[in-house]
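K.L.:
Following is a predicted model, sequence given first.
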Amino acid sequence: MLSPGLYIHIPFCLSKCPYCGFYSTTDSSLIEGYLAALCREMDYYQNWTEPFDTFYIGGGTPSVLTARQMERLVADARRAFVIAEGAEITVETNPADTTIAFMQVLYQTGVNRISIGVQSFNDDLLTFLGRRHRAGQAEAAVKSAREAGFENISIDLLYGIPGQDIRVWEETLQQAVALHPEHLSCYQLTVEGGTPLAQAVSKGMIVLPDENLQADFFFRTAELLEKAGYHQYEVSNFSFPGRESRHNQKYWNHSPYLGLGPSAHSFSGCERRWNRAAVATYSEELTAGRLPVAEREALDPEKLRMEALFLGFRTRRGICLEEFRVRYGQDLLKEKKIAIDQLITGGFVELSCGFLKPTRRGMAVADSLALI
Amino acid sequence: MNNIRNFSIIAHIDHGKSTLADRLIQFTGIVEDRNFQDQILDNMDIERERGITIKSQVVSLPYRAKDGLDYTLNLIDTPGHVDFSYEVSRSLASCEGVLLLIDAAQGVQAQTLANLYLAMEHNLEIIIVINKIDLPSADVGRVIEQIESELGLDATDHLECSAKMAIGIEEILEAIVTRVPPPQGDPEAPLAALIFDAKYDSFRGTVIHCRIFNGTVKAGDVIRFFYNNASYRVEEVGHFLLQREKRESLGTGDVGYIIAGVKTVSDVRTGDTITLENRPCVKPLPGFKEVKPVVFASIYPIAADDYSDLSDSLDKFKLNDASFIYEKDSSAALGQGFRCGFLGLLHLDIVQERLEREFDLSIIISVPSVRFRFTLKDGTAFFVDNPAHYPDQLSIMKSEEPYIRAALMLPERYMGVVMKLCMEKRGVNSTLNYPSPGRAELTYEMPLAEVIFDFYDRFKSITQGYGSFDYDIIDYRESSLVLLDILVNGEKVDALSQIVHRERARSRGLQACERLKEEIPKQMFKIAIQGAIGGEVISRTTISAFRKDVIAKCYGGDISRKRKLLEKQKKGKKRMKMIGNVSIPQSAFLSVLKSDTE
């Protein structure tokens, strides 16, 4: 039985980055009201008995909460749910907020993993990205987290930024590696509709690197990080052995998860649902005595299979053929034999120990693999 | 019979036919204003989307004239586009008069002329109506001048209206009553009804649209089709208002429908005559001009399993598009299909859309071929229309292709560009004369192969619609032919092969490669496209593989959205044909033949 993960979304930021497509608000006066609404949402799950072995606090910028507010939130969650012994508990932070004091409070509440939104060590690029910290603060943040006792630190980095030479990126990676984080997430900068970045691109004011260069970034990243001892266990995620993000892995292996807070997503194994995005609407629904669900979708076997394919092909672990057959009712090797053979011959996928694993080239085109 | 008027509205495209039809319908009150929808007769989705009328439709309008008598005015709506002159002809055969509608601002245009000629061929009473008089740029005086000089008609009794503003509508209705002659015919004579249209209704069978020329027909009668002597018992007859309305009988001069449980779709042929089984008329009514397709292409189902569905659908489709010609065809790469004739590229476009929409078919339209003749060294001679059957080059003694004599009529000012086009198509000018001042008539002898695809449309385009084109196949002439093959990742795609004239081969090969490069999307694998003649590669191009999807983040909140995107992509992939490991979209097959236009 796949154990569930708990996710809480904190939709507050001090400033909005021009490339971010997620919903968040800069109005911190809403935080107290939000926390109260969150408690009400937790009350709905009084009958939830299953323990969570991962607990992830994401956003927005969770670190805009004060240390006290964070303490309260974690305590509320522990009161409402069973967080298992040895569970992985992650909080996302902005480098500018990652002070030693804040880290110490978090550590005390039992948080054991920190994910720091570094994005870059190059001040010019940080300005372009609209980030409110500078390179020096990023390094300090990692140090603070270590000092406070954290032994599981993750750094987020962005590549494919206009004007970013691949050599600059390699330097960034070296600087990151020098800090010995246990985990790295390296993302290609993606243009999300409706963002200032999207507008600038459509006006021709900004030109993104062409697809060949993007591919170069991807492969170079993997090469460099593998040499430094990191294992690319998912398209964008690298870690030392045993330091994978257990929570995120639940998304990719179709484990169930419960998402609380505005715009949070949940998956029950056969149904997906997500909450209202706006803090005000989220709170109103709860005050009115309703679950703040925006939409639900029931997943039939065909949809589940499609998900299992594109999620599985993102991970180095790949797709376990027997599991797939039992859980989704399809014998992949038999029913998609021709397509799979083509993928193996093409060097995108390998068959090993009953797993269909993507090679690095395969991971780069994971979506297309899922279309077989 | 004396109180019936059968008429049609003919006009150049966008001169206001549909709006005028709307106003006539509104005026006679057969639909309450609140149920009214603009362009109410354009009820096919495609028609509404493109703003054009495709199918003929009939509406019987009840009208009490100023003389106090009640009349039935049967409006037969017709398409206005050049590709559909055959449909126009069918409808006109059932009328006694036409409203020739001319836009007061634009004046006489190409289709005005073409349609007028058709109406004159049918000896119809012509009522000139100048429309859009509400426009500031309307110049009725100039239009009258054009009518008299370019059309050679007397414009004294013309009418003026604004369909949009509903001005002059009553005058038009009065003119129809007073000037269009009532239908002639003998009610006592044996039934002679002309089928001018038909629609397949899955519950009732074929609904036959007809014009009664002689005699009467009612439910219970047993009718017979002249075409194949098939006989059926009539279940119901009636008129068309906006829906079908049952009647006791249809009499001489009437336009209406007959339902006789005809499930065998091919028994009903538009242009055929219906008569009574126990009292048949001696001769069938004159049919209409046989259509001459000018564009040929082959239709294949994307999934071989759909072949019988495609076949059934084409039968049903042919029923209400008699101008569409088809016969069996096959291709090694695409399987079993049909070779089809169309009246023009728009016709081809519309047929494809209608087949996909009305019958829910996924089809590929591909490169066609003409019928070539080969004589081998051992003396045997045979025809080849499928490039897959091209004989071994070394064994060929003589190769020949069919030639046509093209009769082109056009205003003199377009002579230069037309001659250039014909020369490009390997045409040889045989005659040139001037039947009337400013009009030129050219005949060219050209290879049919050069004409089959887009000659007609280009001709129409360079003559701005004023040119007319007709042809006859004359003979086979010796020609230096070769087989141009297209290989995709080393695999020959016979559906893309063409038998071409030697001089054309290299440029065709290059063109084909370039077109395919534009049409085939990048895929996970590199794609090499080559044009080859007899094993020798004469052109090549490569489509590089994409190395990365856009896949950066995929966490809880992204999964639903990504799945929907992939579901959509998967659907799109289904509409493509797999050749080896390359997905080729429908459009690629057709694009290969497009020559460099404009």
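P.N.:
In hand now; what should we look at? Numbering: from 1, shown residues only, chains lettered A, B, ... in the order given.

K.L.:
State which helix of the chain is the longest.
P.N.:
Went with chain A since none was named. Longest helix in chain A by number of residues (criterion: DSSP state H): helix A:211-227.

K.L.:
try chain B instead
P.N.:
Max-length helix for chain B by DSSP H is helix B:502-519.

K.L.:
packing partners for the helix or strand following that one?
P.N.:
Next along the chain after helix B:502-519, taking DSSP states H and E as the criterion, comes strand B:527-533. Other helices and strands packing on strand B:527-533, by 3 or more C-beta pairs under 8 Å, 6 or more residues apart in numbering or on different chains; DSSP states H and E, are strand B:481-488, helix B:502-519, strand B:536-543. Heads up, the C-betas are built off the backbone N, CA and C, glycines and all.

K.L.:
Mind listing what's buried along stretch A:199-212?
P.N.:
Residues A:A200, A:I206, A:L208, A:P209, A:E211 are the ones in stretch A:199-212 that count as buried (16 or more other C-beta atoms under 10 Å in any protein chain shown).

K.L.:
Tell me the one among those nearest to chain B.
P.N.:
When the buried residues of stretch A:199-212 are ranked by distance to chain B (C-beta to the nearest C-beta), A:E211 comes first, at 6.3 Å.

K.L.:
do you know how far the closest one is from B:K517?
P.N.:
17 Å (C-beta to C-beta, to the nearest Å).

K.L.:
before we move on, what about A:M70?
P.N.:
Here A:M70 is placed at a distance of 57 Å from B:K517 (C-beta to C-beta).

K.L.:
More neighbours: these two, which one.
P.N.:
A:M70 (20 against 14; other C-beta atoms under 10 Å in any protein chain shown).

K.L.:
And the host helix or strand of A:E71, what does it pack against?
P.N.:
Element membership for A:E71 (DSSP H and E) is helix A:67-80. Other helices and strands packing on helix A:67-80, by 3+ C-beta pairs under 8 Å, 6+ apart, are strand A:5-10, helix A:31-44, strand A:52-59, strand A:83-93, helix A:100-109.

K.L.:
Can you give me every residue that contacts the nearest residue to B:L173 once chain neighbours are set aside?
P.N.:
Once flanking residues are discounted, B:L173 sits nearest to B:Y63: 5.5 Å by C-beta to C-beta, 6 or more residues apart in numbering or on different chains. By C-beta atoms under 8 Å, 6 or more residues apart in numbering or on different chains, B:Y63 lies in contact with B:T28, B:D70, B:Y71, B:T72, B:L73, B:L173, B:V177.

K.L.:
Of the residues you listed, which belong to helices?
P.N.:
B:T28, B:L173, B:V177.

K.L.:
Contact partners for B:C281?
P.N.:
By C-beta under 8 Å, 6+ apart, the residues touching B:C281 are B:A189, B:P190, B:L191, B:A192, B:N214, B:G215, B:T273, B:T275.

K.L.:
make it 6 Å
P.N.:
When contacts are counted by C-beta atoms under 6 Å, 6 or more residues apart in numbering or on different chains, B:C281 touches B:P190, B:A192, B:T275.

K.L.:
Leaving out the residues flanking it, which one is nearest to the residue of the stretch 201-350 of chain A found nearest chain B?
P.N.:
Going by C-beta to the nearest C-beta, chain B is nearest to A:A215 of the stretch 201-350 of chain A, at 3.7 Å. Nearest in space to A:A215, with sequence neighbours left out and distances taken as C-beta to C-beta, 6+ apart, is B:R547 at 3.7 Å.
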